[in-house]
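A.B. asks: task: produce atomic coordinates for the following.
(one chain, ligands or ions: 1)
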Amino acid sequence: MSAEFSPFPRFRLAHLPTPLTEMTQLSRTISERGAPSPRLFIKRDDCTGLAGGGNKTRKLEFLIGEALAQGADTIVTTGALQSNHARQTAAAAAAAGLRSVLVLFDIVPYEGRLYRSSGNLLIDEVLGAEVRIVQPGTDAVAAIRSVMAEIEADGGKPYFVPTGGSNATGSLSYALAYGEIADALDALGIGKARIVHASSSGGTQGGLIAGAALRGKGPAIHGINVYRIDTKAMADGIHKLATETANLLRIPAPPRDAVHLEDGFLGEGYGMPTAAMVEAVELVARKEGILLDPVYTGKAMAGFLALIRAGRFADDEALVFLHTGGMPGLFAYEEEFLRA
Ligand SMILES: Cc1ncc(COP(=O)(O)O)c(C=O)c1O
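C.D. replies: Prediction:
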């Protein structure tokens, strides 16, 4: 770990480095279907190891580190009902001996049979998190403030982790992960590469961009918007996070044009399934034996495949799909995959 990261408290949670493997069967399938395929790799951040894994585990190492340094005894976070972030936060809190309270907003208009009981929600219960479900239309800030105040009134010391663990502290972890990916590519002798991944609250992409600025060379970064209708506003937010992360690392801010955020793969909205997502999840499962998820990585993989088919990447560029996790979400969307 380079010296820039040493001032920040870190509570180890993840199995690192995560594997970087080649997807040869997927690549062959793309070529057979008529599009030339570059070398395709997958970075397995679904294998970070904490209660189902995922990208939030890396962020939580720094966030829980900070919470412990501040003497907190309770972690409060928020997200949608099927939040992978909330599930990993509950697990991280448990591993650190802290209480967790999850304020989950019922904002996705998906009416699947198990959406409001299974998947991540089930695991939250198993992990012993206190789940507070908030109905649509409720003032989010007021709901979170009231939970924080209630914990304080009971003598607790809460630490708030924002949506997706996406503040500069959380994003430090993806600045660090950028070095991990770049080192692995260097070891394989791959000079030119691009990381493609699902982008939502922006901490993953903002951190990677700050990591690229810190290293000064290495793979390009390409986010796929799976979150907001307004891609430009989202890209501005990612740039702000990258800048704040660079500030923490005491390096110059990355330029705004370092943010590549692709739209066209969100469908009706956050958490709403698309036919391309189902196709991508099934293709990667059947060709590589790797499980993606319906909300993030499935849509990102649909985008990844579409961009390859459209010839959007340079022929000599290796592509690294960053698998950010989310597999428990499959159980909340069973109807999309059970067609019989
Ligand atoms: C599985 C998965 N992939 C990707 C993301 C997006 O990461 P970020 O919020 O850092 O943009 C999330 C965030 O919740 C996620 O759960």
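A.B. asks: show me what from the chain comes close to the ligand.
C.D. replies: Counting by C-beta under 6 Å from any ligand atom, the residues of the chain close to the ligand are 54-55, 84-85, 164, 166, 198-205, 293, 296-297, 324-326. (C-beta placed from N, C-alpha, C; glycine too.)
A.B. asks: let's go with 8 Å and repeat that
C.D. replies: Near the ligand, the residues belonging to the chain are 46, 54-56, 59, 79, 83-85, 163-166, 170-171, 174, 197-207, 223, 226-227, 238, 293, 295-297, 300, 324-326, 329 when assessed by C-beta under 8 Å from any ligand atom.
A.B. asks: among these, which are in strands?
C.D. replies: Gly79, His197, Ala198, Ser199, Gly223 (DSSP state E).
A.B. asks: please tell me how far the first one sits from Gly329.
C.D. replies: By that I understand Gly79. Counting by C-beta to C-beta, to the nearest Å, the separation of Gly79 from Gly329 is 12 Å.
A.B. asks: and Leu114, how far from Glu268?
C.D. replies: For Leu114, the distance to Glu268 - C-beta to C-beta - is 20 Å.
A.B. asks: SS state for Gly267?
C.D. replies: In terms of secondary structure, Gly267 is coil; the call rests on DSSP: H, G, I helix; E, B strand; the rest coil.
A.B. asks: report the contact partners of it.
C.D. replies: Listed by C-beta atoms under 8 Å, 6 or more residues apart in numbering, the contact set of Gly267 reads Pro273, Thr274, Ala276, Met277, Lys299.
A.B. asks: tell me the two of those residues that are most distant?
C.D. replies: Farthest apart among the contacts of Gly267 by C-beta to C-beta are Pro273 and Ala276. That separation is 9.6 Å.
A.B. asks: quick revisit: JSON lines for the contacts of Gly267, including pLDDT, distance to Gly211 and secondary structure?
C.D. replies: Shown next, in JSON lines, are the contacts of Gly267 (pLDDT from 0 to 100; distance: C-beta to C-beta, whole Å; DSSP: H, G, I helix; E, B strand; the rest coil):
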{"residue": "Pro273", "pLDDT": "98", "distance to Gly211": "32", "secondary structure": "coil"}
{"residue": "Thr274", "pLDDT": "98", "distance to Gly211": "30", "secondary structure": "coil"}
{"residue": "Ala276", "pLDDT": "98", "distance to Gly211": "29", "secondary structure": "helix"}
{"residue": "Met277", "pLDDT": "98", "distance to Gly211": "28", "secondary structure": "helix"}
{"residue": "Lys299", "pLDDT": "98", "distance to Gly211": "24", "secondary structure": "helix"}
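A.B. asks: just put the residues you listed in TSV and tack on distance to Val259 and neighbour count.
C.D. replies: TSV is the format used below for the contacts of Gly267 (distance: C-beta to C-beta, whole Å; neighbours: other C-beta atoms under 10 Å):
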residue	distance to Val259	neighbour count
Pro273	27	20
Thr274	23	18
Ala276	23	18
Met277	23	28
Lys299	19	29
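A.B. asks: tell me the confidence at Arg33?
C.D. replies: According to the prediction, Arg33 has pLDDT 86.
A.B. asks: could you find the closest non-adjacent residue to Met301?
C.D. replies: Nearest residue to Met301 in three dimensions, chain neighbours excluded: Ala280, at 4.0 Å (C-beta to C-beta, 6 or more residues apart in numbering).
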